[in-house]
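Undergrad: coordinates only, sequence not included:
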């Protein structure tokens, strides 16, 4: 009887080892997929930052040019108002 129990116990332990090995393999594969997705997200975030920085530079340039043009118009209006007096 004890021999049957030991044999059953070894069979159970072998199955546990196979299951653990399979689990380890599955988890490693999943971690690789997750790491790849994180790398892709990091690349996307860096691209978005570069694009945003470019848009910010363009917006600042446009706003600066607008401010200069507005100042020129205001100066012309001031000169024309001064002539009319």
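TA: Great, that's in hand. Remember, it's a predicted structure, so these values are computed and weren't measured experimentally.
Undergrad: CA only for contacts and neighbour counts going forward, please
TA: Will do.
Undergrad: which residues of this protein fall in helices?
TA: 2-84 (DSSP state H).
Undergrad: Tell me how far residue 49 lies from residue 36.
TA: Distance, residue 49 to residue 36, by CA to CA, to the nearest Å: 20 Å.
Undergrad: Extract the residue ranges of the chain that are flagged as low pLDDT.
TA: 1, 85 (pLDDT under 70).
Undergrad: run the last query once more with 80
TA: Applying pLDDT under 80 to the chain picks out residues 1-2, 84-85.
Undergrad: From the chain's centroid, how far away is stretch 42-53?
TA: Computed by CA atoms, centre = their mean, to the nearest Å, the chain-centroid distance of stretch 42-53 equals 8 Å.
Undergrad: Kindly report the same for stretch 70-80.
TA: Worked out by CA atoms, centre = their mean, stretch 70-80 lies 47 Å from the chain centre.
Undergrad: cool, stretch 20-28 as well?
TA: 28 Å.
Undergrad: same check, this time on stretch 19-29
TA: The chain centre lies 28 Å from the centre of stretch 19-29; the measure is CA atoms, centre = their mean.
Undergrad: can you check stretch 66-78 too?
TA: 43 Å.
Undergrad: Check stretch 48-59 too.
TA: For stretch 48-59 - counting by CA atoms, centre = their mean - the centre lies 16 Å from the chain centre.
Undergrad: residues of it that come out buried?
TA: Buried positions in stretch 48-59, judged by neighbour count with 16 or more other CA atoms under 10 Å: none.
Undergrad: What separation do you get for residue 35 and residue 27?
TA: Residue 35 is 12 Å from residue 27, by CA to CA.
Undergrad: any idea how far residue 8 is from residue 69?
TA: For residue 69, the distance to residue 8 - CA to CA - is 90 Å.
Undergrad: Perfect, that will be all.
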